[in-house]
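**Student:** structure of the sequence below:
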Amino acid sequence: MDLPVLFGVNVDPVWGDVDQPLRLTLLADRAGLDLVTVQDHPYQKAFHDTWTLMSFLAARSERVTFVPTVANLPLRPPAMLAKAAASFDVLSKGRLRLGLGTGAFWEAIEAMGGPRRSKKEAVDALGEAIDVIRAMWSGLRSVRVPGTYDHVAGVHPGPVPSSSLGMWLGAYGPRMLEVTGAKADGWLPSLAYLDMDRVGEAVQRINDAATRAGRAPGALRKVYNLNGLITPASRGDFHGPADQWVEQITMLVRDHGMNGFVYWPDQDQERQLSLFAEQVVPAARLALAET
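**Tutor:** Numbering: from 1, shown residues only. Just a heads-up that it's a prediction; the model follows:
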C-alpha cells in the first residue's frame with residue numbers, strides 16, 4: 001500500500017516572539033500543507049511546553065496535523081503521554097501523529113528529574129513505551145503491560161483515539177530502525193543526522209524488519225525533516241533553487257519510498273517557509289503526480 005506524500009513545516013516552540021508559532025502554523029494551514037512539527041525539549045529555557053503549545057495551535061487552525069518531533073520519553077511517562085495524545089486526537093478530530101524518541105541531552109533531562117539511560121537502556125525503554133501506549137489506546141476495559149522501565153497494572157484506558165493516530169519514531173541506529181519496522185507506524189529522521197546517501201540503507205533495514213514482523217513496509221509513514229535553504233545558487237542537498245528541491249524530493253520518493261517532507265529552514269524562517277509552501281510543494285506534488 002503506497003501512502004500519499006505529505007508536506008509540512010517545523011514551528012519552533014519559542015515564546016520570545018509570542019506570535020511566531022501561531023503565524024507560521026496559520027501560514028501552513030492556509031497554504032494547504034499537511035503537517036506542523038514542534039520540537040519537544042522541555043528543559044530548553046526558550047521553549048514553550050510542546051503539548052500546551054500544540055493544543056493552542058490546533059484550536060486556532062483548521063486542518064493541519066501536528067507532530068511532536070519527538071516526544072521526550074524520559075520526561076513524559078508513556079501512560080500519561082498516551083492519554084494526552086488520545087485526548088488531543090479526539091478533541092482535534094484526528095489532527096495528531098505521535099512522534100517518539102528515546103531522549104537525548106541526558107544532563108538536561110536529569111536536571112529536570114528524569115533518568116539517565118545508556119543507549120541500550122533507552123532503546124529498550126522505547127520498546128516498552130510503545131507497548132504501554134498501544135495498550136492505553138486499545139479501548140479494553142483494563143490493561144496490564146509488564147516492563148523494566150515502564151508498565152501499567154490494571155489501568156482503565158480511555159479515551160479511544162481514531163485509527164489515524166500512530167507512532168512515528170525518530171530513529172537512526174540499527175536497533176532503533178529495527179524497532180521502527182517491527183512496532184511503529186512511521187519513521188521521522190532528519191537530514192542533519194542522516195544524509196541522503198544513507199537514507200536507502202536505513203529504509204531497507206526498516207522494511208526488512210517490517211516484513212519479518214508480518215507488516216507491510218509500504219504502509220509505514222517515512223517523513224524526512226529537511227534543514228536547508230531555498231536560494232538561487234545551489235550549495236548542496238536541499239540548499240538551492242526550488243527546482244533542485246523538487247528533483248531531490250522526487251528522487252527520494254521514487255528511489256527510497258520516502259512519503260513525507262517537513263522543512264526546517266536554517267534561517268529567515270517565515271520567508272523560507274513561504275517559499276516552500278508557494279514554490280516547492282505545488283511543483284513537487286505535480287512532479288510526483290506525473291511519475
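**Student:** make it CA atoms for all contacts and neighbour counts henceforth
**Tutor:** Will do.
**Student:** please enumerate the strands of the stretch 101-250 of the chain.
**Tutor:** Using DSSP state E, counting those that start in this stretch, the strands assigned to the stretch 101-250 of the chain run over residues 143-145, 152-155, 167-169, 186-187, 221-230, 239-240.
**Student:** can you tell me which residues contact the closest residue to Ala283 other than its chain neighbours?
**Tutor:** Spatial nearest neighbour of Ala283, excluding adjacent residues (Cα to Cα, 6 or more residues apart in numbering): Val246 at 6.6 Å. Contacts of Val246 were listed using Cα atoms under 8 Å, 6 or more residues apart in numbering, and they are Val280, Val281, Ala283, Ala284, Ala287.
**Student:** surely the last one and Thr250 touch.
**Tutor:** To tie it back to what came earlier, the one meant is Ala287. Yes - with contact defined as Cα atoms under 8 Å, Ala287 and Thr250 form a contacting pair (7.1 Å).
**Student:** what about the residue most central in space within the chain, is that helix, strand or coil?
**Tutor:** The centroid of the chain falls nearest to Gly99 when counting by Cα atoms, centre = their mean (4.1 Å). Following DSSP: H, G, I helix; E, B strand; the rest coil, the label given to Gly99 is strand.
**Student:** how about the helices in the stretch 101-250 of the chain?
**Tutor:** For the stretch 101-250 of the chain, applying DSSP state H, counting those that start in this stretch gives helices covering 106-111, 119-136, 174-183, 196-212, 242-256.
**Student:** list the buried residues of the second one.
**Tutor:** By 16 or more other Cα atoms under 10 Å, the buried positions in helix 119-136 come out as 122-136.
**Student:** tell me the confidence at the residue nearest to Val253 when sequence neighbours are not counted?
**Tutor:** Distance criterion Cα to Cα, 6+ apart; nearest residue to Val253, sequence neighbours excluded, is Asn259 at 6.1 Å. Looking at Asn259, its pLDDT stands at 98.
**Student:** ok, the one 4 residues further on next?
**Tutor:** You'll see Tyr263 listed with a pLDDT of 98.
**Student:** in the sheet, who's paired with it?
**Tutor:** Val9, Leu226 (DSSP bridges).
**Student:** look up how far Ala28 lies from it.
**Tutor:** Noted for Tyr263: a distance of 11 Å to Ala28, by Cα to Cα, to the nearest Å.
**Student:** which neighbours do the two have in common?
**Tutor:** The contact sets of Tyr263 and Ala28 overlap at Gly8, Val9 (Cα under 8 Å, 6+ apart).
**Student:** any chance of the strands of the stretch 101-250 of the chain in CSV, with distance to Arg198, mean pLDDT and mean neighbour count too?
**Tutor:** As requested, these are exported to CSV (distance: least, Cα to Cα, whole Å; pLDDT from 0 to 100; neighbours: other Cα atoms under 10 Å):
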stretch, distance to Arg198, mean pLDDT, mean neighbour count
strand 143-145, 35, 98, 16
strand 152-155, 38, 98, 14
strand 167-169, 17, 98, 27
strand 186-187, 14, 98, 26
strand 221-230, 12, 98, 23
strand 239-240, 18, 98, 18
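**Student:** Gln20: which of those strands is closest?
**Tutor:** Gln20 sits nearest to strand 221-230 of all these, at 18.7 Å, using Cα to Cα.
**Student:** so which elements touch that closest one?
**Tutor:** Judged by 3 or more Cα pairs under 8 Å, 6 or more residues apart in numbering; DSSP states H and E, strand 221-230 is in contact with strand 186-187, strand 239-240, strand 260-265, helix 269-275.
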